[in-house]
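# Return atomic coordinates for the entry below.
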Amino acid sequence: MSDAILALRAAVQAHLVADTALTALIGPDRIFDEAPRAAHGLYVVHGEVEARDWSTGSDRGCEQEFALVVWAAQSGSSRQALEAAGLIVAALDQVDLVPEGHALINLRWLSSRLARETRNGLPQVTIRFRAVTETL
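The predicted structure follows:
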């Protein structure tokens, strides 16, 4: 299952990095696997993922629910975080990605949640997606 997670994560990352509207809003090189230390401005971090077996009698498959988190580090702008989240949803909902070694069956937006970080009060938007892949 981890190969499906890593392949989908890489495909999502590549797709978002190439999105000119998102890059114009958050800046280049602002999508991370892990939260960077002392980051300023808007950035996106891959969040939690839950994977389940989605195999059929003839094909190995993986269903994933994963999150991307938009952080408004030091800007404090929930509006900008929501704008970035909207661009991410528009870029990924029902898109046809090509994860290496896998076929993407579907990718759908599930939910978005705006909250404030308890330690510093900065806004974050957690965007949840569901994807199903089959091993090639």
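
# Could you measure from the residue nearest to residue 26 when sequence neighbours are not counted over to residue 88?
Spatially, and ignoring its direct neighbours in sequence, residue 26 is nearest to residue 42 (4.2 Å; C-beta to C-beta, 6 or more residues apart in numbering). Where you see a C-beta, it was placed from the backbone N, CA and C, and this is true even at glycine. From residue 42 over to residue 88 the distance is 11 Å, taken as C-beta to C-beta, to the nearest Å.

# Give me the more crowded residue out of those two.
residue 88 (25 against 22; other C-beta atoms under 10 Å).

# before we move on, back to that, what about the residue nearest to residue 26, which SS state?
Recorded secondary structure, residue 42: strand (DSSP: H, G, I helix; E, B strand; the rest coil).

# in this structure, which segments are predicted with low confidence?
Counting by pLDDT under 70, the chain contains low-confidence residues at 1, 74-76.

# Centroid-nearest residue for it?
When C-alpha atoms, centre = their mean is applied to the chain, the residue found nearest the centroid is residue 68 (3.4 Å).

# Was I right to think that one contacts residue 46?
Yes: with contact defined as C-beta atoms under 8 Å, residue 68 counts as touching residue 46 (6.3 Å).

# intersection of neighbour lists for those two?
When contacts are counted by C-beta atoms under 8 Å, 6 or more residues apart in numbering, residue 68 and residue 46 are jointly contacted by residue 12.

# before we move on, the earlier item: what's across from the residue nearest to the centre of the chain in the sheet?
residue 46, residue 127 (DSSP bridges).
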